[in-house]
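1. Return atomic coordinates for the entry below.
(chains A and B)
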Amino acid sequence: MAETTASQANLSVDFAVRKQRSLWADAWRRLISLNTARLGMVIVSALLLVAVLAPIVHHYNPKTDSSLRDRLKPPSREHILGTDNLGRDVVVRLVHGARYSVGVGIISVGIALIIGGLLGMVAGFVGGKTGNIIMRCMDILLAFPPMLLAIAIVAVRGPGLNNTMVAIGVVSIPFYARLARSTVLAVNATEYITAARCVGATNKQILFRHIFPNILSPIIVQSTLGLANAILSAAGLGFLGLGQQPPKPEWGAMLSDCYKFLAKGAWWVIIPPGVAIMLTVLGFNLLGDGLRDALDPRLGF
Amino acid sequence: MARYIIRRLISLIPTLLGVTVLVFLFIHLIPGDPAIVMLGEHAAVENVERIREQLGLNKPLFLNPDAVGQLFRGEVSIGEGFKGLFDSQYFLFLGRLLQGDLGKSVHEHTPIADLLKLKFPATVELSLLAMVFATGVGIPAGIISATRRNSVFDGVSMVGSLVGVSMPIFWLGLMFIYFFGVKLGWFPTYGRLPVDLSLKTVTGLYILDSILAGNPQALRLVLKHLVMPSIALGTIPMAIIARMTRSAVLEVLQEDYVRTAYAKGLRERAVILRHVLKNAFLPVITIIGLQVGGLLAGAIMTETVFSWPGVGKWVYDAILARDYPVVQVAVLVITLVVAVINLAVDISYVFLNPRIRFE
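-> Next up, the predicted model:
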């Protein structure tokens, strides 16, 4: 009798004490259970893989790549997606172009995230006049349509990939600043912050040990969706001839180089780069939406 | 109500002043001497001087510190010293703007205001039609998706809207040109009208002009030219509006009063039209308002692809020609229009939702 009770007790302990899962492990589990997020992850991982492996597997020098005999050849066994107006293989350029899209996305979001996030955290934590001045400046930046401001900045600073990244980064700053500020304000009003203050934690400790980890999830979501936007904007600037300059194979610039040949029926120089941009942006959008659902259990997932 | 509108208008002033400061500083973001960059290295000295004079590049940036010195030394009267203090590039720029003087194009020597009057209606017409497409397709698609949740239609339209949001609009424009212009020959691929057709312009909006002229042939051609660019430009807003409408309607559908409406035997159409839509529209209108900024910025790409002679193409050409005063004015005007539209959206809330009291 006594034995049965003991084994029953063991059993119930087994049920009650499930293996502990951290918040992040929980979020990950929710994320991979979403079909759309999984699709997003597959697209994004494939893109990252291509971007990282491209120069290792195949060396590409855009300056020497041209073969005037093979100009605008339709897809064939030799060139799966045909060749462009300078006889360059579309697939090769597409694969190497992935590096630019990923690079632009990461760096411009990085700029916006670091500057905007810090400004927003300061505005939310310090508040008062400093916070007000910061947010008024952000309002002024927000008054411009972002793409228009980015175009204007690159137009005056001169075309090129660096200026593209800076421009897209700068116009995205206010979005991160607003988000960081509002989440800091919300977290700052919680009881555990008051408790930390009561036990004598310094401002620095409160900001970095207690507030920062708690504002991470909305910022991760915003950054993922921001990557999609940055890649789309960079392609737009490339298409206008303001982004990466030829002969480098940035996708937007590839479209800009070749769209004149569409009238001749050369669809293979236009469809692949556009599909590549769209899939990449779609991948980050799906992943971002998935992360939003996964990181915020309150949404009633 | 009036007090609320006035307060909102006043609150817009500091932001707009900030916008003018930033737009003014554009010229100084140019690496090197702006006048030489604009005219090219081989420009004649007198031309460079003329541009410097025109933009006031020889003056201090914001305030003239010399004037303070003169004032203190008693060399000038207080009034003159004060005036001298503001004798700077920015205040020259702002003063001219307030007088409606938008400056001159560097290369064309034409007043920018005249060019703007010529280009603006083309962009307005395109954007309006894009918006008609975006709301006309996006809102019904969102409503049907929400009411037939998890149906095939819902799946297709939500996947479609996700793809729409991820689509580079210039590429969509190119695809339209290829399939419907080059392959099928259904629509013209560039411009607002065939070159050989002349239309007396009164408003600059060709749809209106051709109706005023009583010319159905021209109207047909104008509409034909508008189809592809306006659908290309309207696709992203359409996708966003469809998603927003769906989620707004879904939220309202869960309300008790909707259940009550069904329970008292109202037909679905009546419930949706009279009870759900009225309440779901507020967030949808915000989103529609927010799309305008993106639409006007997107016009730069759409107009470039379709050679549409509007503000967007004008900005693009000005960038290529390094005609920065034109870029400055265009950015300023578009931002101003967006700010005013956003304000109008905010104010429309008070009319649409009597629960909101701003006083």
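
2. what's the burial count for the residue lying closest to A:Ile215 once chain neighbours are set aside?
-> Counting by CB to CB, 6 or more residues apart in numbering or on different chains, A:Thr183 is the residue found nearest to A:Ile215 once chain neighbours are left out, at 4.1 Å. Bear in mind the C-beta positions are built from the backbone N, C-alpha and C, glycine included. For A:Thr183, the count of nearby residues is 20 (other CB atoms under 10 Å in any protein chain shown).

3. With A:Ile106 instead?
-> Applying other CB under 10 Å, I find that A:Ile106 has 17 neighbouring residues.

4. Now it: which helix or strand?
-> helix A:90-126 (DSSP states H and E).

5. what about that helix and chain B, any contact?
-> No - with CB under 8 Å from any CB of the partner chain as the criterion, chain B is not reached by helix A:90-126; the gap is at least 11.3 Å.

6. which residues touch the residue nearest to A:Thr164 when sequence neighbours are not counted?
-> Leaving aside its chain neighbours, A:Thr164 sits nearest to A:Gly243 (4.5 Å; criterion: CB to CB, 6+ apart). Applying CB atoms under 8 Å, 6 or more residues apart in numbering or on different chains, we find A:Gly243 in contact with A:104, A:154, A:159-161, A:164, A:234-235, A:237, A:250, A:252-253.

7. low pLDDT regions in the chain?
-> This is for chain A. A:1-20, A:297-301 (pLDDT under 70).

8. Actually, chain B is the one I wanted.
-> For chain B, the ranges with pLDDT under 70 are B:71, B:76, B:78-85, B:354-359.

9. what's the longest helix in it?
-> As assigned by DSSP state H, the longest helix anywhere in chain B is helix B:216-253.

10. and it, what other elements does it pack with?
-> Counting contacts by 3 or more CB pairs under 8 Å, 6 or more residues apart in numbering or on different chains; DSSP states H and E, helix B:216-253 is packed against helix B:112-147, helix B:152-166, helix B:169-176, helix B:206-212, helix B:277-305.

11. Who are the contact partners of residue 172?
-> As the question left the chain open, I've gone with chain A. Contacts of A:Ser172 (CB under 8 Å, 6+ apart): A:108-109, A:111-112, A:116, A:146, A:226, A:229-230.

12. that answer is for a different chain, and I need it for chain B
-> B:232, B:235.

13. ok, it to A:Tyr192 distance?
-> 49 Å (CB to CB, to the nearest Å).

14. give me the number of residues near residue 37?
-> By default, I'm working from chain A. 21.

15. switch to chain B, that's the one I care about
-> So B:Val37, with other CB under 10 Å, has 17 neighbours.

16. That one against B:His28, yeah?
-> No - assessed by CB atoms under 8 Å, B:Val37 is found out of contact with B:His28, at 11.3 Å.

17. residues in the stretch 201-350 of chain B within reach of chain A, list them.
-> B:293-294, B:296-298, B:300-301, B:304-305, B:315-316, B:319-320, B:324, B:327, B:331, B:334-335, B:338-339.

18. The closest residue in space to B:Val249 that isn't next to it in sequence: neighbouring residues, count only.
-> Leaving out its chain neighbours, the residue that sits closest to B:Val249 by CB to CB, 6+ apart is B:Ala146, at 3.7 Å. For B:Ala146, the count of nearby residues is 22 (other CB under 10 Å).

19. How about A:Ile215?
-> Neighbour tally, A:Ile215, other CB under 10 Å: 23.

20. what's the answer for A:Leu23, then?
-> 11.

21. ok, it - contacts?
-> Contacts of A:Leu23 by CB under 8 Å, 6+ apart: none found.

22. ok, it to A:Leu295 distance?
-> Distance from A:Leu23 to A:Leu295, by CB to CB: 9 Å.

23. Report the contact partners of the spatially most central residue of chain B.
-> The residue lying closest to the centre of chain B (CA atoms, centre = their mean) is B:Leu296, at 3.1 Å. Neighbour list for B:Leu296: A:145, A:148, B:123, B:127, B:311-312, B:334, B:337-338 [criterion: CB under 8 Å, 6+ apart].

24. Could you do B:Ile334 as well?
-> Residues counted as contacts of B:Ile334 (CB under 8 Å, 6+ apart) are A:145, A:148, B:296-297, B:311.

25. From the residues you listed, keep the buried residues only.
-> By neighbour count, with 16 or more other CB atoms under 10 Å in any protein chain shown, the contacts of B:Ile334 hold A:145, A:148, B:296-297, B:311 as buried.

26. just to revisit the earlier point, tell me the phi and psi of the residue nearest to A:Ile215?
-> phi -70, psi -40 (degrees, to the nearest 10).

27. Would you agree it is in contact with A:Phe125?
-> No - contact between A:Thr183 and A:Phe125 fails when scored by CB under 8 Å: they sit 11.0 Å apart.

28. distance of B:His42 from B:Ala35?
-> On the measure of CB to CB, B:His42 and B:Ala35 end up 13 Å apart.

29. again with A:Ser182
-> Distance from A:Ser182 to B:Ala35, by CB to CB: 44 Å.

30. who has more neighbours, those two?
-> Remark: of A:Ser182 and B:Ala35, B:Ala35 carries more neighbours, 21 against 15, as counted by other CB under 10 Å.

31. near chain B, which residues of the stretch 201-301 of chain A?
-> A:228, A:232, A:235-236, A:239-242, A:252, A:255, A:259, A:262-263, A:265, A:267, A:270-271, A:273-274, A:277-279, A:281-282, A:285-286.

32. Mind giving me the PyMOL select for the residues you listed, buried ones only?
-> The buried residues among these can be selected in PyMOL (16+ other CB under 10 Å) with this line:
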select buried, chain A and resi 228+232+235+236+239+240+241+242+252+255+259+262+267+270+271+273+274+277+278+279+281+282+285+286
